[in-house]
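Participant: pasted the sequence and its predicted model underneath.
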Amino acid sequence: MRLQKYLAHAGLCSRRKAEEYILAGRIKINGITISELGTKVDPSDSVFFDDKPVLLSRERPKIYLALNKPEGYVTSCSQKKTKIVMDLIDMDERIYPVGRLDKDSKGLILLTNDGELHNKLSHPSFDHEKEYIVTTVDPVSDKALRSMAAGVMIDAVKTRKATVKRISDKQFSIVLKEGRNRQIRKMVQRTGNEVDTLLRIRIANIHLGKLNEGTWRYLTQAEIRQLTQ
């Protein structure tokens, strides 16, 4: 088994994050620091992350959570003198967030210890929808809504077509199938406006619903089946 796959299966992180850890020299096999991607791991090998053992357990239950992230929390597992989403979850099992939601935004985040699902949801080829409610500083024009729906240029690359629906003078919903850095905020800025609040209400088939801010719930078996199909 390749090292990055081993780390994901052990619930340490996603494969993409595992590659970062390997390149940073934070992984050891049998006491030797590994910095080469694709290194093979034998069942008899001892694997360590930051000098702590990383073990595969066939009995380790898979966990899937939905969290309503408040503003001011960073979507990260690492403490960097700021509030992180893991501060909101009291759980011994190591889990990690799927994708990101910027510090100034709020709403739905998925967390899991299922490395395969994390990799699937994070990969650009997985064409899942993400839905947001956007409140702007100034009234948003019909022209601006049409522009965002058709796609706007951000960093010399045009955004994909989106589904945009007006809610009120300063509020609209938008459904994206991509997740570029601070994409919605940049899209709104391109129309000459600014985002006041940004709330994510859906990821694929998982809805935020009435989940209170700062709280989390387990996904239902039906939700998990749909995500993992």
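Facilitator: Everything's here; your move. Numbering: from 1, shown residues only.
Participant: list the contacts of stretch 84-92.
Facilitator: With contact meaning Cβ atoms under 8 Å, 6 or more residues apart in numbering, stretch 84-92 is reached by 63, 65, 67, 69, 73-78, 95, 97, 109, 111, 214-216. Bear in mind the C-beta positions are built from the backbone N, C-alpha and C, glycine included.
Participant: let's see it at 10 Å
Facilitator: For stretch 84-92, the surrounding residues in contact (Cβ atoms under 10 Å, 6 or more residues apart in numbering) are 63, 65, 67-70, 73-79, 94-97, 100-101, 103, 109, 111, 113, 213-216.
Participant: just stretch 17-37 next, same as before
Facilitator: Stretch 17-37 is contacted by residues 2-10, 12-14, 38-42, 44-51, 53-54, 77, 96, 115, 118-119, 122 when judged by Cβ under 10 Å, 6+ apart.
Participant: hey, which helix or strand in the protein has the poorest pLDDT?
Facilitator: Least confident helix or strand of the chain, by mean pLDDT, DSSP states H and E, is helix 115-122 with a mean of 81.
Participant: point out the other helices and strands that it packs with.
Facilitator: helix 3-9, helix 15-23, strand 96-98, strand 106-112, helix 221-228 (3 or more Cβ pairs under 10 Å, 6 or more residues apart in numbering; DSSP states H and E).
Participant: on that earlier part again, any of the contacts of stretch 17-37 buried? List them.
Facilitator: The neighbour count (16 or more other Cβ atoms under 10 Å) marks 3-10, 12-14, 39, 41, 47-49, 54, 77, 96, 115, 118-119, 122 as buried among those.
Participant: which neighbouring elements make contact with whichever strand in the chain runs longest?
Facilitator: The longest strand of the chain (DSSP state E) is strand 195-203. Under the contact criterion of 3+ Cβ pairs under 10 Å, 6+ apart, strand 195-203 touches strand 64-69, strand 106-112, strand 130-136, strand 171-176, helix 183-190.
Participant: quick one: contacts for Thr135?
Facilitator: 167-168, 170-172, 195-199.
Participant: and the angle for the longest strand of the chain with strand 64-69?
Facilitator: Interaxial angle, strand 195-203 versus strand 64-69 (axes from the mean of the first three to the mean of the last three Cα atoms, to 10 degrees): 170 degrees.
Participant: alpha carbons of strand 195-203, as PDB, please.
Facilitator: Coordinates of each C-alpha in strand 195-203 appear next as PDB, following Å, rounded to 0.1, in the frame of the first residue of the first chain:
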ATOM      1  CA  VAL A 195     -20.600  40.400   0.600                       C
ATOM      2  CA  ASP A 196     -22.000  41.200   4.000                       C
ATOM      3  CA  THR A 197     -22.800  37.600   5.200                       C
ATOM      4  CA  LEU A 198     -22.200  34.200   3.400                       C
ATOM      5  CA  LEU A 199     -24.000  31.100   4.600                       C
ATOM      6  CA  ARG A 200     -23.500  27.600   3.100                       C
ATOM      7  CA  ILE A 201     -26.700  25.600   3.400                       C
ATOM      8  CA  ARG A 202     -26.000  22.500   1.300                       C
ATOM      9  CA  ILE A 203     -23.200  20.200   0.200                       C
END
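Participant: tell me how far the helix or strand immediately after it in the chain lies from the chain's centre.
Facilitator: Counting by DSSP states H and E, the next helix or strand C-terminal to strand 195-203 is strand 206-207. The chain centre lies 14 Å from the centre of strand 206-207; the measure is Cα atoms, centre = their mean, to the nearest Å.
Participant: what's the next secondary structure element after strand 206-207?
Facilitator: Using DSSP H and E, the helix or strand that follows strand 206-207 in sequence is strand 216-218.
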